[in-house]
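>>> need a structure here:
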Amino acid sequence: MITFRNVSFSYDGKSPVVDDLCFTIEKGEAVGLIGANGAGKSTVMKLLLGLLTGKGQIDVDGLPMCRQNLSEIRRKIGFVLQDSDNQMFMPTVYEDMIFGPRNYGLGKEETERRVDEVLNLLGLQDLKYRPNHKISGGEKRMAAIATILAMEPETILMDEPSTALDPVNRRTIIRTINRLPQTRLIASHDLDMILDTCQRVILLSHGRIVADGDADRILRDRQLLEANRMELPLCLQGRNKAFPDSDIFP
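Numbering: from 1, shown residues only. The predicted model follows:
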């Protein structure tokens with residue numbers, strides 16, 4: 001379980017980037033975090049990892065976010081960064097995939113099992129020993145996701161996971177996300193992907209929650225999305241009406 005209680009954060013100490021956020025994500029939920037550029041999505045992710053410290057209270061599985069609990073909390077959370085170049089830092093895909101599990105004390109045999117299982121799941125067997133500087137941007141994106149899945153965290157955070165993916169790999173990621181048992185928080189502008197992977201959506205605007213509820217209902221609400229500088233998912237454009245009466249607003 002993840003809980004935000006009255007969480008605020010400001011980079012300059014004056015203007016809040018996130019402002020008085022209150023929400024709970026239950027174990028196993030798949031939640032889409034959406035909003036226009038600057039809405040606060042990436043900041044929420046960094047707060048949840050303890051990379052930023054704001055006001056209010058964040059709990060992960062009952063553990064308050066504080067220096068003493070930070071190591072244990074980070075063992076529970078895997079984070080797929082928006083820029084794969086910041087995540088893939090070893091010479092080969094294989095070395096990146098074993099880095100986390102081995103540093104957490106996992107044995108060689110179990111680590112190898114996880115690596116092969118994830119590569120087979122994503123159809124990336126041919127990338128296993130490829131140098132990271134010799135794979136495409138889309139392949140590196142898939143490999144970055146593989147490194148996190150190999151760690152088998154309890155919660156997975158994904159920041160724009162479909163960026164730079166071709167249609168085949170994008171569909172593979174959607175299928176993979178839907179099979180995962182972990183709690184998933186996915187920040188993305190790809191609303192079609194959010195519609196395909198998340199049962200719930202939290203919509204941020206100027207650092208505040210303006211809607212929190214059923215993904216299908218929110219993502220079909222043209223009026224709500226356009227009021228917050230977003231558009232309907234492409235698969236819904238031109239043939240859906242907004243819901244004028246809604247109980248999803250906090």
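>>> and the residue nearest in space to the middle of the chain, which helix or strand is it part of?
By C-alpha atoms, centre = their mean, the mean C-alpha position of the chain lies nearest to residue 158, the distance being 2.1 Å. Using DSSP states H and E, residue 158 maps to strand 155-159.
>>> who's in contact with the helix or strand following that strand?
The first helix or strand that comes after strand 155-159 along the chain, using DSSP H and E, is helix 167-179. The contact list for helix 167-179, computed with C-beta atoms under 8 Å, 6 or more residues apart in numbering, reads 30, 121-123, 138, 141-142, 145, 149, 158, 161-162, 165, 184, 186, 193, 196-197. (Each C-beta comes from the backbone N, C-alpha and C, glycine too.)
>>> let's see it at 7 Å
Contact with helix 167-179 is made by 121-123, 138, 142, 145, 161-162, 165, 184, 193, 196-197, as judged by C-beta atoms under 7 Å, 6 or more residues apart in numbering.
>>> could you flag which of those residues are buried?
Among the contacts of helix 167-179, the ones that count as buried by 16 or more other C-beta atoms under 10 Å are 122, 138, 142, 145, 161-162, 165, 184, 193, 196-197.
>>> these: which two are farthest apart?
Comparing all pairs in the buried ones among the contacts of helix 167-179 by C-beta to C-beta, the longest separation belongs to 138 and 184, at 21.0 Å.
>>> strands of the chain, start to end?
2-9, 18-25, 30-34, 55-60, 63-64, 77-80, 155-159, 183-187, 200-205, 208-214 (DSSP state E).
>>> can I get the CA coordinates of the second one in CSV?
It refers to strand 18-25. Coordinates of each C-alpha in strand 18-25 appear next as CSV, following Å, rounded to 0.1, in the frame of the first residue of the first chain:
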residue,chain,number,x,y,z
VAL,A,18,2.8,19.3,-5.9
ASP,A,19,0.3,20.8,-3.4
ASP,A,20,-1.5,18.9,-0.6
LEU,A,21,-1.8,15.5,-2.3
CYS,A,22,-3.9,12.9,-0.6
PHE,A,23,-4.4,9.4,-2.1
THR,A,24,-3.9,5.7,-1.3
ILE,A,25,-2.9,3.0,-3.8
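>>> by how many degrees do that strand and strand 30-34 diverge?
Using axes from the mean of the first three to the mean of the last three C-alpha atoms, to 10 degrees, the inter-axis angle of strand 18-25 relative to strand 30-34 is 160 degrees.
>>> any idea how far strand 18-25 is from the chain center?
Mean-position distance between strand 18-25 and its chain equals 16 Å (C-alpha atoms, centre = their mean, to the nearest Å).
>>> one more: the last one?
Taking C-alpha atoms, centre = their mean, the mean C-alpha location of strand 208-214 is offset from the chain mean by 17 Å.
>>> sketch out the low-pLDDT regions of the protein for me.
Along the chain, the parts satisfying pLDDT under 70 run over 238-250.
>>> hang on, the earlier thing: the residue nearest to the centre of the chain reaches residue 82, doesn't it?
No - contact criterion C-beta atoms under 7 Å: residue 158 and residue 82 do not qualify, at 9.1 Å.
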